[in-house]
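Chemist: below is the sequence, then the predicted model.
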Amino acid sequence: MAILLSPSMLAIDFANIGENLKKAEDAGTPYLHLDVMDGVFVPNISFGIPVIAGLRKSTQMIFDVHLMIVEPEKYVEAFRKAGADIINFHLEATEDPAAVIGQIKATGAKAAITIKPKTPVEDLLPYLSEVDMVLVMTVEPGFGGQSFMEDQVEKIRTLSKWKKEQGYTYDIEVDGGVNLKTLRTVLDAGANVIVAGSAVFGKEDVAGAVRDFMEVFKEYEG
Ligand code: DX5
Ligand code: ZN
């Protein structure tokens with residue numbers, strides 16, 4: 001199975017966004033991870049709909065939009081219209097996750113569901129047959145540059161096991177503290193979409209950082 005890199009824009013040099021996106025795209029990055037924070041669901045504010053709409057004109061990368069906002073159902077159509085290809089929402093942020101999944105799919109985007117570190121992976125069970133991707137957070141959402149939470153790796157293993165046993169088709173994405181040191185741990189556990197902020201856009205040599213990740217992916221793709 002192909003392993004996909006989804007570098008998080010949160011760590012980009014915002015004074016030179018276009019240039020740095022191009023470096024990542026030219027190095028073969030398939031996805032761009034866009035962290036939307038509302039200051040309510042998480043204790044931080046990042047960027048939103050107009051920024052994503054603007055970026056859509058400058059890159060072909062698949063937009064993997066991670067909504068860290070309350071009541072995502074209010075904004076699904078707007079994010080899709082802005083250019084989101086994958087809309088990723090938090091299970092904890094809505095009263096009716098099944099409805100949000102249906103709403104996302106109705107826009108033509110791929111639907112992904114995410115849990116915070118303290119949420120048990122079993123809470124995802126009712127939704128696994130419906131989603132295109134599940135995102136396991138390996139830090140508390142809200143900030144880039146935090147340390148990888150090793151105790152979340154078991155969730156990746158469990159999702160990978162359920163996928164095999166039940167024939168589910170979701171991708172398993174991991175987000176938070178992933179770098180060249182922690183990468184093999186998440187790949188061994190079964191993750192196949194890898195978010196990395198500090199370890200890609202936080203580096204001086206963005207293209208080199210992308211290539212370093214891809215070298216490791218090759219070992220696993222077989
Ligand atoms: C955290 C965000 C992450 C963050 C990852 O709330 O969801 O996507 O940008 O950054 P690093 O890779 O630096 O942990
Ligand atoms: Zn994220």
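Modeler: Thanks, I have the structure now. Numbers count the residues shown, from 1 in each chain. Ligands and ions are numbered 1, 2, ... in the order given.
Chemist: quick one: contacts for the residue nearest to Ser6 when sequence neighbours are not counted?
Modeler: Spatially, and ignoring its direct neighbours in sequence, Ser6 is nearest to Tyr31 (3.7 Å; Cβ to Cβ, 6 or more residues apart in numbering). Glycine gets a C-beta too; all of them are placed from N, C-alpha and C. Residues near Tyr31 by Cβ atoms under 8 Å, 6 or more residues apart in numbering: 4-7, 61-64, 86, 193.
Chemist: likewise for Thr138?
Modeler: Thr138 sits next to 117, 148-149, 152-153, 174-178, 182, 186 when contact means Cβ under 8 Å, 6+ apart.
Chemist: which residues of the protein fall in helices?
Modeler: Assigned by DSSP state H, the chain shows helices spanning 17-26, 49-56, 76-82, 97-107, 153-166, 183-189, 206-221.
Chemist: nearest to Val70, out of these?
Modeler: Proximity to Val70 (Cβ to Cβ) singles out helix 97-107 among the helices of the chain, at 12.0 Å.
Chemist: bridging residues for the spatially closest residue to Met9 that is not a sequence neighbour?
Modeler: Residue nearest to Met9 in three dimensions, not counting chain neighbours: Leu34, with 5.6 Å by Cβ to Cβ, 6+ apart. Per DSSP bridges, the residues bridged to Leu34 are Val65.
Chemist: near Leu34, how many other residues are there?
Modeler: Using other Cβ atoms under 10 Å, Leu34 is surrounded by 27 other residues.
Chemist: in this structure it contacts Asp64, no?
Modeler: Yes - the pair Leu34 / Asp64 is scored as a contact, 6.8 Å apart, by Cβ atoms under 8 Å.
Chemist: what about the closest residue to ligand 1 within the chain, neighbour count?
Modeler: Nearest residue of the chain to ligand 1: Gly197, at 2.9 Å (Cβ to the nearest ligand atom). A count of neighbours around Gly197, defined by other Cβ under 10 Å, yields 26.
Chemist: from the contacts of Tyr31, which is closest to Val206?
Modeler: For the contacts of Tyr31, the minimum distance to Val206 (Cβ to Cβ) is 8.1 Å, reached by Pro7.
Chemist: quick one: contacts for the closest one?
Modeler: Pro7 is in contact with 24, 29, 31-33, 195-197, 200-201, 210, counting by Cβ under 8 Å, 6+ apart.
Chemist: if we use 7 Å, what do you get?
Modeler: 24, 29, 32-33, 196-197, 200-201 (Cβ atoms under 7 Å, 6 or more residues apart in numbering).
Chemist: which two of those have the greatest separation?
Modeler: Thr29 and Gly197 (12.9 Å).
Chemist: one step back: buried subset of the contacts of Thr138?
Modeler: The neighbour-count test (16 or more other Cβ atoms under 10 Å) marks 148-149, 152-153, 174-178, 182, 186 as buried among these.
Chemist: which pair in those spans the largest distance?
Modeler: Once Cβ to Cβ is applied, the buried ones among the contacts of Thr138 give Val153 and Asp175 as the farthest pair, at 13.0 Å.
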